[in-house]
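Quick one: sequence plus predicted model below, questions after.
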Amino acid sequence: MRVDVSNPLWRFRGIRAATWLFFAYLYLPIVVLIVLSFNENRLATIWSGFSTQWYGVVLGNDDIMRAATNSLVVATTATLAATFAATLAALGMAKTRFIGADGISGLIVLPLVVPEVVTAVATLLFFILIGFRLGLTTVIVAHTVFCIPFAYLPIRARLEGMDKALGEAAADLYASDWQAFRRVTLPLLWPGILSGAMLAFIISLDDFVITYFVAGAGATTLPVYIFGMIRIGITPEVNAISSLMLIVSILFVTLSFLVGRMRR
Amino acid sequence: MTAATRRRILQIAPAMAIIGFFMVAPLGLMAYVSLLQKGVNGGVVWDVHTTEAYVNFIFERDFDDSLIVNTDYLQIFARSFGLSLLTAVLALAIGFPTALYMAMQPEGRRNLLIFLVTIPFWTNLLVRNYAWILLLRNGGLVEGLLRWLGLSDQPLGLMYTPYAVSIGLTYSYLPFMVLPIYASLEKLDSRLIEAAFDLGADRRRALTRVILPLAVPGIAAGCILVFVPALGAYVTPELLGGGKSMMIGNLIQGQFAAARNWPFGAALAFALLAIVLLAMMIYLMRFRRAPAAP
Amino acid sequence: MERPAIEARGLSKTFGSGLDAVHALDDVSLTIRQNEFFTLLGPSGCGKTTLLRLIGGFEQPSGGDIFLEGQQLTGLPPFKRPINTVFQSYALFPHLTVGQNVAFGLEMLGRPKKEREARVEQMLALVKLQGYANRRPTQLSGGQQQRVALARALASQPKVLLLDEPLSALDLKLRKEMQIELKRLQTETGITFVFVTHDQEEALTMSDRLAVMESGQILQIGAPTEIYEHPQRRFVADFIGETNFLEGRIEVAGDTAVAHLACGGKLSLNGQAGAPSSNGEAVTLAVRPERAVIAPAGAEGLSARIGAVVYMGTDTTYHLTLTDGTAFIVRSQNNEGARLDLASGAEVKVQIAPAAVQRLAD
């Protein structure tokens, strides 16, 4: 839709107000949470003054730091494994179409379609029944599975948009298959791989439901730990660690948005 | 087999192996477990096959082994359906005008708005739902705001109600409604709207007769993308809803925690999966095969 | 005297502001008569589409007023104007059938179903698409879509029909057919047509009158013959057909005026091109290639040397160079076969009758 906003003809009454309402709805809770995390009061929702003390408390809490470390280990490992598998799969699915391609595409995005709670139950039963001890490994495996489609889709999109003639041109200029891949395809594919990996990383870092089911003792990730804290009660510590997670995510995304813009 | 085919198989194999072994096989196993007898202390009895789990869903065994209809679980399914539908409708009501507004902005501002819509998607769902506790609980900020505006000074008792759950669900999945609608509106040729104006349609009729019908693919996609995760939601009802607003996700989780009834939990999960796949299939058949609007 | 269909007074339109401001229209005034086939002709970016969109109500003018049969239109949105548009891309509603598309305007006017159905039949017959009512626009060819767009715009019997380069997407053969078709529709319906195009041939063959536009201004308004035979501005002469330009100074002697050309020759001017002027005034003269004649070197006229000769069947084009280096084109019909004596490099004379000379204002 290309319209001139200054033209009164296009002034649909109410949609501007609705948009304001929409963004207020979307951001009010986030803003409130972050503001309250700087509240010095022990009672989490009664404002009595600015303070960063709760961040200090949170960062000094060994359990939280251990959970955060677990989260990072899981997210990093799952991202690397998922991105590797997804990149290979995207390369395999590119070029000519073949019988069964639709089925394979469907299978790759299956983790996006199946409700999280179902995946969680199925994975839990599977690990228990094959006698796999629940722990960090089970969490990493489960995360790798649902990270694959998130990494796959941007890589696939990037490959789709790539000119097929480039590979042919490389071959024409005496590049072997491997050289063509190393020198032409891979450099062009990098942005896709990077954004796929970033997506996978954040999705893994944020996951709660599946982790909650398949995490054994000692494999508590940050969201699972926060869930436990919320269960016990609303405290300034929860506000602080929650805000920290939000701020890190938002910074991460904003950074990737800006990087993406610069590249263009 | 040519070298190219062999290479292709090798390339696709890792992803297929991971998803096949850790996703498809578990789903199959889950379906199988749903047909087993539950163990006395949890777990399953491997060699006893029974449809007990599915019978359990509708009936209850009385002391004399006769079956009595028990609507508890049906109610939870019905509530989950109702809340998810409500969520889709609310998200559509707020999301459509926003998508329309976004689609009519100049290029630069559009990208900024899309970015602002997607940010919450990247942040932790659990944390975002937790923020609503701060707003909704007794003595929370919503009450404070209403009192300040002079609208109400009663305790609202919003927390742990289906209202709180639908507010939280709508909030959680709102971006999934806006983005596909925006995508279809963005593609819409503004000349078509001008043609409607030209032929005497005022803004309201241009909206209902031209813009809305042409945005139907986006609206349908948005509704599916909101409805499906809402139906399987666990976090939102867990945090914002009480026992009276339990949803399928919580019921399933319960079977693996307190109740220790794995076959029943597996059966519930399988039923949820079936509903979701059915909804997706209907959507795909109705909207992907139809002649695409240019 | 009857009221004009459309009257524009001092219209201007600026897009954007500050340094980015684009003046699409600059103080444009024009009058379009009732039942006229009026064309706005100009290169892309000349403001013709903006003018059309102002009449249609899709944009509001930055200054000036538009009247429809004497009634002020300024400020009225398009849905309150009895003016309809045929869009360049047709803008047919893809989710409605052909019949529903044609009936759309009548439905918006609240006409009863019976009347709408009858009118759809009638309109589809008018554009020769009987039996297509239940098709989807996407199932039709470009030419058929064009006809549906016409039927849709005409169905509610607007006072004025605006056509925004409606033929530009069609191939040549279809375009010729539609030109005749449009002319027929205009005559049959008696509706005032305002047609926008950048194709001069289209403008000349179809219009009752046309306005030539450039850089947001109207340079000349007139009937096709008037515009072609008597262009007043250099741009008009150049944009419509081929033209030779000759620079010179006027010398008045009694009743006659003579132009002393830069190439050294002289051209006597008739009354129209000569008067009123003063001695020594600089002039630009325009001469159409087919109005000049090539004569042997010994004859009267402007000296020239033949460059390229392009034989085109019915006629031949000679690219000449005058003594001062000015390029000059002469086109002559091959009524008696090709003239083999006029070959490249030959020295000749160019003869131009006073009536063939058009004096330009710039």
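Everything's here; your move.

report the longest helix in the chain, please.
As the question left the chain open, I've gone with chain A. helix A:62-93 (DSSP state H).

you looked at the wrong chain, it should be chain C
The residue-count maximum for a helix in chain C (DSSP H) belongs to helix C:172-189.

Could you give the number of residues near C:Ser44?
By the measure other CB atoms under 10 Å in any protein chain shown, the count of residues near C:Ser44 is 8. Just so you know, the C-beta spots here come from the backbone N, C-alpha and C atoms, and that holds for glycine as well.

what sits against it?
Each residue near C:Ser44 by CB atoms under 8 Å, 6 or more residues apart in numbering or on different chains is listed here: C:His198.

Phi and psi next, for it.
Dihedral pair for C:Ser44: phi -60, psi 140, per degrees, to the nearest 10.

likewise A:Ile234?
According to degrees, to the nearest 10, A:Ile234 has phi -90, psi 110.

With chain B as the reference, measure out to it.
From A:Ile234 across to chain B, the span is 6 Å (CB to the nearest CB, to the nearest Å).

And what about the nearest residue to C:Thr321 once chain neighbours are set aside, helix, strand or coil?
Residue nearest to C:Thr321 in three dimensions, not counting chain neighbours: C:Arg305, with 5.3 Å by CB to CB, 6 or more residues apart in numbering or on different chains. Under DSSP: H, G, I helix; E, B strand; the rest coil, the three-state class of C:Arg305 is strand.

what's the burial count for C:Arg305?
14.

Could I get the contacting residues of it?
The contact partners of C:Arg305, by CB under 8 Å, 6+ apart, come to C:320-321, C:345-348.

Select only the buried ones of those in ChimeraX?
Typed into ChimeraX, the line below selects the buried ones among the contacts of C:Arg305, using 16 or more other CB atoms under 10 Å in any protein chain shown:
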select /C:320,346,348
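
could you dump the contacts of C:Arg305 to JSON lines with pLDDT and secondary structure?
As requested, the contacts of C:Arg305 are exported to JSON lines (pLDDT from 0 to 100; DSSP: H, G, I helix; E, B strand; the rest coil):
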{"residue": "C:Leu320", "pLDDT": "92", "secondary structure": "strand"}
{"residue": "C:Thr321", "pLDDT": "91", "secondary structure": "strand"}
{"residue": "C:Gly345", "pLDDT": "85", "secondary structure": "coil"}
{"residue": "C:Ala346", "pLDDT": "86", "secondary structure": "coil"}
{"residue": "C:Glu347", "pLDDT": "89", "secondary structure": "strand"}
{"residue": "C:Val348", "pLDDT": "90", "secondary structure": "strand"}
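
Looking at the contacts of C:Arg305, spot the one nearest chain A.
Using CB to the nearest CB, C:Thr321 comes nearest to chain A of the contacts of C:Arg305, at 47.3 Å.

Quick check: bridge partners of that closest one?
C:Arg305, C:Ala327 (DSSP bridges).

So it is in contact with C:Phe328, correct?
Yes. Using CB atoms under 8 Å, C:Thr321 is in contact with C:Phe328, at 7.1 Å.

distance of the residue in the stretch 1-150 of chain A positioned nearest to chain C from C:Arg136?
Ranking the residues of the stretch 1-150 of chain A by distance to chain C (CB to the nearest CB) places A:Leu9 first, at 5.8 Å. Separation of A:Leu9 from C:Arg136 (CB to CB, to the nearest Å): 28 Å.

before we move on, what about B:Asp72?
For B:Asp72 relative to C:Arg136 (CB to CB), the value is 50 Å.

what residues are shared contacts of C:Thr321 and C:Phe328?
Joint contacts of C:Thr321 and C:Phe328 (CB under 8 Å, 6+ apart) are C:Ala304.

Skipping adjacent residues, who's closest to B:Gln11 in space?
Leaving aside its chain neighbours, B:Gln11 sits nearest to A:Gly92 (3.1 Å; criterion: CB to CB, 6+ apart).

before we move on, the earlier item: the residue of the stretch 1-150 of chain A closest to chain C and C:Pro78 touch, don't they?
Yes. The pair A:Leu9 / C:Pro78 is scored as a contact, 7.2 Å apart, by CB under 8 Å.

which one of these two has more residues nearby?
Shown here are A:Leu9 and C:Pro78; by other CB under 10 Å, C:Pro78 has more neighbours (24 against 18).

In space, what's closest to the more buried one - neighbours in sequence excluded?
The shortest distance from C:Pro78 to any non-neighbouring residue, by CB to CB, 6+ apart, is to C:Gly57 (3.7 Å).

residues near the one you found, how many?
23.

how about it, what does it touch?
The contact partners of C:Gly57, taken as CB under 8 Å, 6+ apart, are A:9, B:197, C:73, C:76-78, C:80-81, C:83.

Now the buried members of these.
For the contacts of C:Gly57, a burial check counting by 16+ other CB under 10 Å picks out A:9, B:197, C:73, C:78, C:81, C:83.

For the one helix or strand B:Leu116 maps to, list the C-alpha coordinates in CSV.
Using DSSP states H and E, the element containing B:Leu116 is helix B:107-122. Taking Å, rounded to 0.1, in the frame of the first residue of the first chain, the C-alpha atoms of helix B:107-122 are listed here in CSV:
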residue,chain,number,x,y,z
GLU,B,107,8.6,3.3,4.5
GLY,B,108,11.0,4.3,7.3
ARG,B,109,8.3,4.5,9.9
ARG,B,110,6.8,1.2,8.8
ASN,B,111,10.1,-0.6,9.5
LEU,B,112,10.4,1.0,12.9
LEU,B,113,6.8,0.0,13.8
ILE,B,114,7.4,-3.6,12.6
PHE,B,115,10.5,-3.7,14.8
LEU,B,116,8.5,-2.4,17.8
VAL,B,117,5.9,-5.0,17.2
THR,B,118,8.5,-7.8,17.0
ILE,B,119,10.5,-6.9,20.1
PRO,B,120,8.1,-8.5,22.6
PHE,B,121,8.4,-11.7,20.5
TRP,B,122,12.1,-11.8,21.3
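
and the lowest-mean-pLDDT helix or strand in chain A, which residues are buried?
The weakest-scoring helix or strand in chain A, judged by mean pLDDT, DSSP states H and E, is helix A:164-172 (a mean of 76). Neighbour counts over helix A:164-172 (16+ other CB under 10 Å) mark A:167, A:170 as buried.

Could you identify the helix or strand that succeeds it?
Taking DSSP H and E, what comes next after helix A:164-172 is helix A:177-180.

Pull the contacting residues for the closest residue to chain A within the stretch 151-294 of chain B.
Closest contact between the stretch 151-294 of chain B and chain A, by CB to the nearest CB, is at B:Gly232 (2.8 Å). Contacts of B:Gly232 were listed using CB under 8 Å, 6+ apart, and they are A:115-118, B:248-249, B:272, B:276.

what's the answer for B:Ala195, then?
For B:Ala195, the contacting residues are B:210, C:85, C:87, C:91-93, by CB under 8 Å, 6+ apart.

Could you list the low-confidence segments of the chain?
Assuming you mean chain A. Filtered on pLDDT under 70, chain A yields the residue ranges A:44-45, A:95-96, A:259-264.

other chain: chain B
B:1, B:288-294.

cool, and the stretch 151-300 of chain C?
For the stretch 151-300 of chain C, applying pLDDT under 70 flags the ranges C:271-277.

how much space is there between B:Ile219 and B:Gly95?
9 Å.

Could you tell me how many residues sit around the closest residue to B:Phe57 other than its chain neighbours?
Using CB to CB, 6+ apart and skipping residues adjacent in sequence, the residue nearest B:Phe57 is B:Tyr73, 5.2 Å away. By other CB under 10 Å, 17 other residues sit near B:Tyr73.

pretty sure A:Leu125 is touching B:Leu27, no?
No. The pair A:Leu125 / B:Leu27 is not scored as a contact, 9.7 Å apart, by CB under 8 Å.
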